[in-house]
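Engineer: below are the sequence and a predicted model; questions follow.
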Amino acid sequence: MTIALPAAITGTAQTGLTSPVYNTVVDIPPDVNAKQVAVTSLGGTQTGVTAHTVSSPFTVSAWRPKLLQGLGKPDPVTGLIGKVPNNTYKLITRKGVTPAVNQPVRPMVIRTEIDVPAGADSYDAANIRAALSAHLGTLVSISAGLGDTAVNGVM
């Protein structure tokens, strides 16, 4: 299965948002190795939240490496592989936010990068999946607290 960015993204719990839903359309991604959606309408109660416009973007992009790296050969004497390259996958969300009254919108950018050592995809897939499960589960479980911290600076 591949990454399929959904037509309706169910948002996670956040202070001030009730049952947030983000309805998307497929957008032209910034590069050939990406997929992108733009949030064109909102569901739930999200007072003050805006959907995507040219001057206030609201997009989600998923990226894969342009060239997937393979694992090199081990040293014939030591048996060790000297350089293990990473294949980096990314999820990037851009949302226009207003920094102050009468100020132009500025993009807020959220990045999640996943660096998978070449070879681990075939040798240790279960632990790759476990790491992603724990990482994404943590993001979901701390969503409201992370939102509060991003607003009030208190951790």
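Structural biologist: Sure, I can see it.
Engineer: C-terminal to the lengthiest helix in the chain, what's the next element?
Structural biologist: Longest helix in the chain, counting residues (DSSP state H): helix 125-141. Next along the chain after helix 125-141, taking DSSP states H and E as the criterion, comes helix 143-152.
Engineer: and that following helix, which residues are buried?
Structural biologist: 146, 147, 148 (16 or more other C-beta atoms under 10 Å). Bear in mind the C-beta positions are built from the backbone N, C-alpha and C, glycine included.
Engineer: the last one and residue 139, how far apart?
Structural biologist: For residue 148, the distance to residue 139 equals 14 Å [C-beta to C-beta, to the nearest Å].
Engineer: ditto for residue 31
Structural biologist: Look at residue 31 and residue 139: by C-beta to C-beta, they are 24 Å apart.
Engineer: so which of the two has more stuff around it?
Structural biologist: Legend: neighbour count by other C-beta atoms under 10 Å for residue 31 and residue 139, higher for residue 139 (12 against 9).
Engineer: list the contacts for the more buried one?
Structural biologist: 112, 146 (C-beta atoms under 8 Å, 6 or more residues apart in numbering).
Engineer: report pLDDT for it.
Structural biologist: Model confidence at residue 139, given as pLDDT, is 91.
Engineer: distance of it relative to residue 33?
Structural biologist: Using C-beta to C-beta, residue 139 is found at 23 Å from residue 33.
Engineer: which residues are in contact with the residue positioned nearest the centre of the chain?
Structural biologist: With distances taken as C-alpha atoms, centre = their mean, residue 91 lies nearest the centre of the chain, 2.7 Å away. Contacts for residue 91 (C-beta under 8 Å, 6+ apart) come out as 60, 61, 62, 63, 111, 112.
Engineer: coming back round to it: and the longest helix of the chain, what's buried?
Structural biologist: Buried residues in helix 125-141 (16+ other C-beta under 10 Å): none.
Engineer: assign residue 68 to helix, strand or coil.
Structural biologist: State at residue 68, reduced to three classes by DSSP: H, G, I helix; E, B strand; the rest coil: coil.
Engineer: ok, for it, nearest residue in space, not its chain neighbours?
Structural biologist: Nearest non-adjacent residue to residue 68, counting by C-beta to C-beta, 6 or more residues apart in numbering: residue 87, 5.5 Å away.
Engineer: what sits against that neighbour?
Structural biologist: Counting by C-beta under 8 Å, 6+ apart, residue 87 makes contact with 64, 65, 68, 69, 115, 116, 118, 121.
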